[in-house]
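# take a look and give me a structure for this.
(chains A and B)
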There are 2 protein chains.
Amino acid sequence: MLVMLAPATTVIAADLPKRKPGMAEILAASKPSDWRAPDPENTLYIDLPTGRVVIELAPEFAPRHVANVKTLAREHYYDGLAVVRAQDNYVVQLADPEAEKPELARKIRNGKKTLPPEFDRPLDLKLPFTRLPDGDVYAPEVGFSSGFPVARDPKSGKMWLVHCYGMLGAGRDNPVDSGGGAELYTIIGHAPRQLDRNVTLLGRVIKGMELLSTLPRGTGALGFYEKPEQRLPIKAIRIAADVPANERTALEIMRTDAPIFRDLIEARRNRPEEWYHFQAGKIEICNVPIPVRAAVLK
Amino acid sequence: MLVMLAPATTVIAADLPKRKPGMAEILAASKPSDWRAPDPENTLYIDLPTGRVVIELAPEFAPRHVANVKTLAREHYYDGLAVVRAQDNYVVQLADPEAEKPELARKIRNGKKTLPPEFDRPLDLKLPFTRLPDGDVYAPEVGFSSGFPVARDPKSGKMWLVHCYGMLGAGRDNPVDSGGGAELYTIIGHAPRQLDRNVTLLGRVIKGMELLSTLPRGTGALGFYEKPEQRLPIKAIRIAADVPANERTALEIMRTDAPIFRDLIEARRNRPEEWYHFQAGKIEICNVPIPVRAAVLK
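Okay, here's the model as predicted:
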């Protein structure tokens, strides 16, 4: 769940209800050290005619794909391409609409068209991991690492990013090495976990999801748009570090390795808000919000 | 996942790939007896300016709410109300925009404004139940009954509908008996399972989800629209049985108690399609598609 918060949330102690704190109170009581600013070198802006989508990249999980997408962005490969697909309860995908026609397809200069897959990576127990206590249908262990939903399998010694709402992946054809980041997709529906370890995930939308999730669904097979005019053009994809400071979108993400994030998970496993009659006592990974807020001015 | 299929799917045996059948082949080989037409007396049409949303009601799980929604529809309570809320990755909600103002709120004549909750119902082992083999984070048992995703708890002797994408519920305020169907919501994002047993679910969208899922998100608290002109008006909500036969939307739903549905679940647990490099071997309840197709002409 994407949770965007106003920067100035004021809660007066006397107004606090006599119950365990819920997410609103936890956020209001947060300290500056509970938050981090995403690295501008690993932050992607997708500028659409309707606004900006902000993505945090995951170089710890897909280093080659992240590097390639940055190279492609810096050579302006994406600028003028389009959202070509929107399939309800599944994905929105952006690509070169002429990708299948060699004579018309946009040329790649410095980046790579395809890469070996990064479906998983070696398990590294030194990476922060806030593990969820309630299990998972698909993976032996799930939790959060550096702001991303992650699954781990100690037996195979692997870890991988999980297909939750808002995750960004590199589309591919049938060969596993046919992706690379020239085509990108975002999950706009229920987590399609069958895609885990089948596609390279490389980031997460941290702002602007609604610009993608509300796009008209394509009526062609797999949600592809049937007419060119139905496609939404990509004005540009840029790395935040390349954008003048006054044009950046200043955001902060809750640290998923901070104690406050464990408090938040607990407040979502057992919702203390008065509305809740029944407390689930459990939580599934893609139901855990990773709070994002407008950066607090220093 | 909503899966809408064209009525005429022709697969020639010689074209079939040399692998286990995937969903496409299973559907193409289906027999008329694998499908059922939803009961027009328990089918709801939400007619929007943009088209029709079709809902199958679940009288086995929420008999009083279903009866009340039908009464409200038949007294034209909903006609002219509006979608008042669209919260990204969560819900779209329709209601009387003036519900909070007693002097302006639409009057209910025959229906009830509120009802006792129907959050769960007694476990009935005689009801069909196609159980999933892979467990669930939230409930002891999950599966499908009469076309709906269902959880069961033999210990407490209860069963209940599950908040998957497209499920329809009766919004309520803090008191558990403050709902009744005058306000209705649909899930448009990742399954918010914490709502299970906290709100009465009473049906499932079987066609037209994209008319709701693509609505602009409200910018007020909880996704409520801040300006009246942002709301999408409800032209009418009608029971299919009350609509002339030639104006009905003729659909068929796969029988979830038929052997073909077990085959489909297996084909989704272990995707045989060539694209899949890794087979999950498992499936989570809200990732199981319940196929719907245009009715085959007899």
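# my read: A:Pro97 touches A:Glu226, true?
No - applying CB atoms under 8 Å, one finds A:Pro97 not in contact with A:Glu226, separated by 11.8 Å. From N, CA and C alone the C-beta is placed, and that goes for glycine too.
# and the two? which has more neighbours close in?
When neighbours are counted by other CB atoms under 10 Å in any protein chain shown, A:Pro97 comes out ahead of the other of A:Pro97 and A:Glu226, with 19 against 9.
# kindly provide the distance from A:Leu184 to A:Thr256.
23 Å (CB to CB, to the nearest Å).
# which of those two has more neighbours?
Neighbour totals were compared for A:Leu184 and A:Thr256, and A:Leu184 leads with 28 against 25 (other CB under 10 Å).
# could you chop chain A up by domain?
Residue ranges of the domains in chain A are recorded as A:1-37+A:252-298, A:39-249, according to automatic domain parsing.
# mean pLDDT for those domains: which is lowest?
Taking the average pLDDT of each of the domains of chain A, the minimum falls on domain A:1-37+A:252-298, with a mean of 86.
# who in the stretch 51-200 of chain A is up against chain B?
Of all the residues in the stretch 51-200 of chain A, those in contact range of chain B (CB under 8 Å from any CB of the partner chain) are A:88-90, A:117, A:119, A:134-138, A:164-166, A:173-174, A:176, A:189-194, A:196-198.
# are any of these buried, and if so which?
Burial by neighbour count, judged by 16 or more other CB atoms under 10 Å in any protein chain shown, picks out A:88-90, A:117, A:119, A:136-138, A:164-166, A:176, A:189-194, A:196-198 from those.
# how about the CA coordinates for stretch A:128-138, as CSV?
What follows is the C-alpha trace of stretch A:128-138 in CSV, where atoms were taken according to Å, rounded to 0.1, in the frame of the first residue of the first chain:
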residue,chain,number,x,y,z
PRO,A,128,19.2,-5.6,6.9
PHE,A,129,16.1,-7.8,7.0
THR,A,130,13.0,-7.0,9.0
ARG,A,131,11.3,-10.3,8.9
LEU,A,132,7.6,-10.8,9.1
PRO,A,133,6.4,-13.3,11.6
ASP,A,134,3.3,-14.7,9.8
GLY,A,135,4.7,-16.7,7.0
ASP,A,136,4.0,-16.5,3.3
VAL,A,137,2.3,-18.7,0.7
TYR,A,138,5.1,-18.5,-1.8
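# so for chain A, the centremost residue is which one?
Taking CA atoms, centre = their mean as the criterion, A:Arg204 is the residue nearest the geometric centre of chain A, at 1.4 Å.
# so that residue lies in a strand, does it not?
Yes - with the criterion set as DSSP: H, G, I helix; E, B strand; the rest coil, the secondary structure at A:Arg204 is a strand.
# which residues does A:Val53 form a beta bridge with?
With DSSP bridges applied, the residues forming beta bridges to A:Val53 are A:Ile46.
# with A:Ala151 instead?
For A:Ala151, the beta-bridge partners under DSSP bridges are A:Val142, A:Trp160.
# list the contacts for it?
With contact taken as CB atoms under 8 Å, 6 or more residues apart in numbering or on different chains, A:Ala151 is in contact with A:136, A:138-142, A:159-162, A:196, A:285.
# how far away is the closest residue to A:Arg36 other than its chain neighbours from A:Trp35?
Counting by CB to CB, 6 or more residues apart in numbering or on different chains, A:Arg36 lies nearest to A:Arg255, which is 5.4 Å off, once chain neighbours are set aside. Taking CB to CB as the measure, A:Arg255 and A:Trp35 are separated by 7 Å.
# now swap in A:Phe119 and tell me
Distance check for A:Phe119 against A:Trp35: by CB to CB, it reads 31 Å.
# next: A:Leu125.
A:Leu125 sits 25 Å away from A:Trp35, going by CB to CB.
# neighbours of A:Ala258, how many?
The local packing count at A:Ala258 equals 18, with neighbours defined by other CB under 10 Å.
# quick check: nearest residue in space to it, chain neighbours excluded?
Going by CB to CB, 6+ apart, A:Ala258 has A:Asp34 as its nearest residue, at 5.0 Å.
# what's near enough to touch the one you found?
Residues in contact with A:Asp34 (CB under 8 Å, 6+ apart) are A:254-255, A:258, A:260-261.
# just to check, A:Arg152 is in contact with A:Asp136?
No - A:Arg152 is beyond contact range of A:Asp136, at 10.1 Å (criterion: CB under 8 Å).
# what sits in contact with each of those two?
A:Val142.
# how about the strands in the stretch 101-250 of chain A?
For the stretch 101-250 of chain A, the strands identified by DSSP state E, counting those that start in this stretch occupy A:121-122, A:130-131, A:141-145, A:148-153, A:158-161, A:167-170, A:184-187, A:200-207, A:232-233, A:236-239, in order along the chain.
# go through those and name the closest to B:Lys113.
Proximity to B:Lys113, assessed across the strands of the stretch 101-250 of chain A by CB to CB, is greatest for strand A:184-187 (38.1 Å).
# show me what that closest one is packed against.
strand A:91-95, strand A:167-170 (3 or more CB pairs under 8 Å, 6 or more residues apart in numbering or on different chains; DSSP states H and E).
# pipe the ones you listed into JSON lines and attach mean neighbour count and distance to A:Leu215 per row.
Listed next are the helices and strands packed on strand A:184-187 as JSON lines, based on neighbours: other CB atoms under 10 Å in any protein chain shown; distance: least, CB to CB, whole Å:
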{"stretch": "strand A:91-95", "mean neighbour count": "24", "distance to A:Leu215": "6"}
{"stretch": "strand A:167-170", "mean neighbour count": "26", "distance to A:Leu215": "15"}
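# closest to A:Ala28 out of those?
strand A:167-170 (28.0 Å).
# can I get the closest one in CSV, CA atoms only?
Listed in CSV are the C-alpha atoms of strand A:167-170, where the atom choice follows Å, rounded to 0.1, in the frame of the first residue of the first chain:
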residue,chain,number,x,y,z
MET,A,167,7.1,-2.8,-7.9
LEU,A,168,9.0,-2.0,-11.1
GLY,A,169,10.3,-4.8,-13.3
ALA,A,170,12.0,-5.3,-16.6
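# residues touching that strand, excluding its own?
The contact list for strand A:167-170, computed with CB under 8 Å, 6+ apart, reads A:55, A:62, A:65, A:69, A:115, A:149, A:161, A:163, A:179-187, A:195, A:199-205.
# what about stretch A:32-51, distance to the chain center?
Averaged C-alpha coordinates place stretch A:32-51 at 11 Å from its chain's average position (CA atoms, centre = their mean, to the nearest Å).
# could you work out the end-to-end span of it for me?
Here the two ends of stretch A:32-51 are set 28 Å apart, with distance taken as CA to CA, to the nearest Å.
# same question for stretch A:267-285.
First residue to last in stretch A:267-285 (CA to CA) measures 14 Å.
# so which of the residues of the stretch 51-200 of chain A next to chain B sit within helices?
Using DSSP state H to define helices, no part of these is located there.
# what is the end-to-end distance of stretch A:283-290?
End-to-end distance of stretch A:283-290: 14 Å, with CA to CA as the criterion.
# and it, how far out from the chain's middle?
Relative to its parent chain, stretch A:283-290 has a centroid offset of 13 Å by CA atoms, centre = their mean.
# try stretch A:76-86
Its chain's average C-alpha position is 18 Å from that of stretch A:76-86, according to CA atoms, centre = their mean.
# pull out the buried residues from it.
Of the residues in stretch A:76-86, those buried by neighbour count under the rule 16+ other CB under 10 Å are A:77-78, A:81-86.
# could you do stretch A:254-268 as well?
Applying a neighbour-count criterion of 16+ other CB under 10 Å, the buried positions in stretch A:254-268 are A:254-258, A:260-261, A:263-265, A:267-268.
# now stretch A:102-116
Going by neighbour count (16+ other CB under 10 Å), the buried part of stretch A:102-116 is A:106, A:108, A:111, A:113-115.
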